[in-house]
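J.: just coords:
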């Protein structure tokens, strides 16, 4: 099988801002769908309650902002204004509810705006523990149990242990397939262009998990035997893109600048948890425990101890990257406040980096391409010079 | 000098003396064997800190005082030179810049480095990053108290239990370790009881603005009134003394039909009564205030002065349930309330304080306050029928205070209020 038909489908889904595929799923199954903002939500719970989790990541560069700008000052990032635009334009009407994970004050406040804008929809703000101790675990268990009850009430479907374990199995398989995709890209980046990987991930926002996993495996099979030339590119990790997503044109510009992106943190929710969740007698507790015991160290999560930045340095080493690109959305508090700490850790480890900001509707990708290209050239010429 | 001015002087002089002594104590803390805890104003655990005889430092207060002393611009640029983004909270950058330039406090004396960073993570995501950054600078331990957000407009049993458990299991042991002493719960109860008495007096002061003319400016004056209770003094007898004194001054003004004191004298002619949302700009505080009192505008209620507690809604620190009351206090701060609740609070202020309008001072670098304010304004205008206005500035970055622009907008707004009044 060729990769192109898969990627073509992914790009159609990526451009489908009216969520036509979700509407089709609802018609086909009679089920309900629930949207969620970045970064992470426990999709296993949504799935087990018979709902379709739908990742909402703003409007990208395909949405003209008409009303959304009237809701936000110029110094607020772009994602909430395009999300409001989509909501007010009726593009999210097929969603029966919306989850707002705790990642920053803007998304937190957006949850309240959504309550006022859509008073008849199910809206939930998810407070995740930032303290990874027994108190945090107990709190998270309670929050997840409450969420599950509300999801069950919305769908009318009881998320039995059997259903939860089934969902856990499906999401474990999806995480493993994504990990395989990332590993293949890191090992043979010419076989997995980053723009294709990105589109594959974005497809996971709207497809049912089993269908997405099958798509990933189909792609992996085709990519492994693809016949693309290996270029003399520099291997880099891209970081800071966990919430507001880069436009596809920017991803393409980065990879056409002489960089092989061998790891990144976009569409991070699907890879947020490290490792599998065990199936067993108490699947809800297992979901909670898996979260508490191992997630990525992204900027929206508090890092205890003295190892701030260690995760990024390790990511660079594991992927044998030669440098890091800090690409933060403009006015993104978590990414921009975190950046000096990541840069300090990299400097101490002798790893070069460059930084820029973008927004989801960035049109001027040439500047980004030039900066990434210059960074790649500097590494080729001088190696690890920061 | 009139007796009213003497009364005014008493609370102001007392506050100045309290602050001077506190910073003097801080400057000598380590040589006198005292330990220092850096922590944030919203949801601060002052009684608990004092119960261990520890000394609190509040980085936001240092930043705002640097702003008022015209030092923040240099500090912010210093932080930006060290790689901090132009787009992020200027309190953070001011604090980092101040540290890089020697950590000289508002009284000109060097602030001691922290022995502990007590991260009371209440109502502001940036707090978490701020102390991650400070941990790298100071290399001292951090203890985190996570305070969940009131997303549904109420405090749940799970949230209260979570915060109280963290206090018992995590925060108290950390304070015991840094102080070298066990918690004396009786001492904590004494401090909490004292807090409640001061809180009663503060509520009396806030509610005095229901009088016409208002004897206080609940924003420009209010930021001084919250000084002791939001910071290092809540729980101490001197804090009670301050609020008793302030209450007496306010009662005197009510009895004599007097308005609040501005830098240029008493505000006698009060043309418009305004409710205001959002923190003030500190770098041009006097200039900002003058725009209002020159036009006879008095602020009758403010949300910024509730970031350290919405006492007028009935909350008091309860000495009989020390951990639960501290949990409830942390959970109840203004910026930990969801947007619909914030709209409710503002709408009630408009009604209770018979305001003519609502003003939003939207702060560039404070997303906790600012994100969603345009929608809040729209909702408020719809619900109250009162005219709203929206201006933008920043906390301590002088680059984002455009006096001419703000004055123009406000003058247009006041003209609109006048036109509405004439039409009524």
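T.: Received the coordinates, thanks. All values derive from a computational prediction rather than experimental measurement. Residues are numbered from 1 along each chain as shown, chains lettered A, B, ... in the order given.
J.: close to chain A: what parts of the stretch 151-300 of chain B are there?
T.: Residues of the stretch 151-300 of chain B lying close to chain A (C-beta under 8 Å from any C-beta of the partner chain) are B:151-152, B:158-159, B:161-162, B:165-166, B:169-170. (Glycine included, C-beta is placed from N, CA and C.)
J.: again, 6 Å this time
T.: By C-beta under 6 Å from any C-beta of the partner chain, the residues of the stretch 151-300 of chain B that approach chain A are B:151, B:158, B:162, B:165-166, B:169.
J.: which of those residues are buried?
T.: B:151, B:158, B:162, B:165-166 (16 or more other C-beta atoms under 10 Å in any protein chain shown).
J.: so which of these belong to helices?
T.: Counting by DSSP state H, the part of those found in helices is B:158, B:162, B:165-166.
J.: quick check on residue A:126: phi, psi?
T.: Main-chain dihedrals, residue A:126, degrees, to the nearest 10: phi -100, psi 110.
J.: residue B:271 against residue B:296, yeah?
T.: Yes. Between residue B:271 and residue B:296 there is a contact under C-beta atoms under 6 Å: 3.6 Å.
J.: for the stretch 101-250 of chain A, just list every one of the strands.
T.: A:122-126, A:234-239 (DSSP state E, counting those that start in this stretch).
J.: mind checking how far residue A:26 is from residue A:210?
T.: With the distance defined as C-beta to C-beta, to the nearest Å, residue A:26 ends up 17 Å from residue A:210.
J.: who's more crowded, those two?
T.: Shown here are residue A:26 and residue A:210; by other C-beta atoms under 10 Å in any protein chain shown, residue A:26 has more neighbours (17 against 14).
J.: show the pLDDT at that one.
T.: Reading off the confidence values, residue A:26 has pLDDT 98.
J.: next up, the contacts around it.
T.: Residues near residue A:26 by C-beta atoms under 6 Å, 6 or more residues apart in numbering or on different chains: residue A:33.
J.: now it, what are its backbone angles?
T.: With angles defined as degrees, to the nearest 10, residue A:26 sits at phi -60, psi -40.
J.: returning to what we had before: minimum pLDDT in the ones in helices among the buried ones among the residues of the stretch 151-300 of chain B next to chain A, which residue is that?
T.: Of all these, residue B:158 has the smallest pLDDT value, namely 94.
J.: hang on, it packs against residue A:141?
T.: No. Shown here, residue B:158 and residue A:141 do not form a contact pair, counting by C-beta under 6 Å, at 9.3 Å.
J.: just to revisit the earlier point, tell me the most buried of the strands of the stretch 101-250 of chain A?
T.: strand A:234-239 (a mean of 25; mean count of other C-beta atoms under 10 Å in any protein chain shown).
J.: give the pairing partners of that strand; include direction for each.
T.: strand A:259-263 (parallel), strand A:323-329 (parallel) (DSSP bridges).
J.: whatever residue of chain B ends up closest to chain A: what's it in contact with?
T.: Nearest residue of chain B to chain A: residue B:339, at 2.8 Å (C-beta to the nearest C-beta). Residue B:339 makes contact with A:109, A:112-113, B:372, according to C-beta under 6 Å, 6+ apart.
J.: name the nearest residue to it, ignoring sequence neighbours.
T.: Excluding the flanking residues, the one nearest residue B:339 by C-beta to C-beta, 6 or more residues apart in numbering or on different chains is residue A:112, at 2.8 Å.
J.: how many other residues sit next to that neighbour?
T.: Neighbours of residue A:112 (other C-beta under 10 Å): 26.
J.: now it: how far from residue B:277?
T.: 14 Å.
J.: residue A:8 now?
T.: Residue A:8 is 49 Å from residue B:277, by C-beta to C-beta.
J.: next one: residue B:322
T.: Taken as C-beta to C-beta, the span from residue B:322 to residue B:277 is 32 Å.
J.: which one's more surrounded, the two?
T.: residue B:277 (28 against 22).
J.: contacts only, for the more buried one.
T.: Residue B:277 neighbours (C-beta under 6 Å, 6+ apart): B:303, B:346, B:360.
J.: quick one: which of those residues has the most company?
T.: residue B:346 (26 neighbours).
J.: pull the contacting residues for the residue of chain A at minimum distance from chain B.
T.: Chain B sits closest to residue A:112 of chain A, with a gap of 2.8 Å, by C-beta to the nearest C-beta. Residue A:112 sits next to B:338-340 when contact means C-beta under 6 Å, 6+ apart.
J.: so which of these are in helices?
T.: Among those, the members found in helices (DSSP H) are B:339-340.
J.: in chain B, where's the longest helix?
T.: Per DSSP H, chain B has its longest helix at helix B:3-27.
J.: which strands and helices lie in contact with it?
T.: helix B:237-255 (3 or more C-beta pairs under 6 Å, 6 or more residues apart in numbering or on different chains; DSSP states H and E).
J.: helices or strands up against the helix it packs on?
T.: Using 3+ C-beta pairs under 6 Å, 6+ apart: helix B:237-255 touches helix B:3-27, helix B:185-207.
J.: if we use 8 Å, what do you get?
T.: helix B:3-27, helix B:185-207, helix B:227-230 (3 or more C-beta pairs under 8 Å, 6 or more residues apart in numbering or on different chains; DSSP states H and E).
J.: the last one: how far from the chain's middle?
T.: A distance of 8 Å separates the C-alpha centroid of helix B:227-230 from that of its chain, computed with C-alpha atoms, centre = their mean, to the nearest Å.
J.: export the contacts of residue A:112 to a markdown table and tack on distance to residue A:276?
T.: Putting the contacts of residue A:112 into a markdown table (distance: C-beta to C-beta, whole Å) gives the following:
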| residue | distance to residue A:276 |
| --- | --- |
| B:338 | 35 |
| B:339 | 38 |
| B:340 | 39 |
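J.: can you list contacts of stretch A:41-50?
T.: Outside stretch A:41-50, the residues within contact range by C-beta atoms under 8 Å, 6 or more residues apart in numbering or on different chains are A:31-32, A:34, A:36, A:52-53, A:99, A:101, A:126, A:144, A:147-148, A:151-152, A:154-157, A:159, A:163-164, A:166-168, A:170-171, A:209, A:269, A:277, A:283-284, A:287, A:291.
J.: kindly report the same for stretch B:401-418.
T.: Against stretch B:401-418 from outside (C-beta under 8 Å, 6+ apart): B:271-272, B:281, B:283-284, B:287-288, B:291-292, B:295, B:297, B:356-357, B:359, B:387, B:389, B:391, B:393-394.
J.: let's see 6 Å
T.: Looking at what lies outside stretch B:401-418 - C-beta under 6 Å, 6+ apart - the contacts are B:272, B:281, B:283-284, B:287, B:291, B:295, B:356-357, B:387, B:389, B:391, B:393.
J.: buried members of those into ChimeraX, please.
T.: Applying 16+ other C-beta under 10 Å to the contacts of stretch B:401-418, the buried members can be selected in ChimeraX as follows:
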select /B:272,281,283,284,291,295,356,357,387,389,391,393
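J.: name the helix or strand of chain B that has the lowest mean pLDDT.
T.: Ranked by mean pLDDT, DSSP states H and E, the weakest helix or strand in chain B is helix B:3-27, scoring a mean of 77.
J.: now, which of the contacts of stretch A:41-50 lie close to chain B?
T.: Within the contacts of stretch A:41-50, nothing lies near chain B by C-beta under 6 Å from any C-beta.
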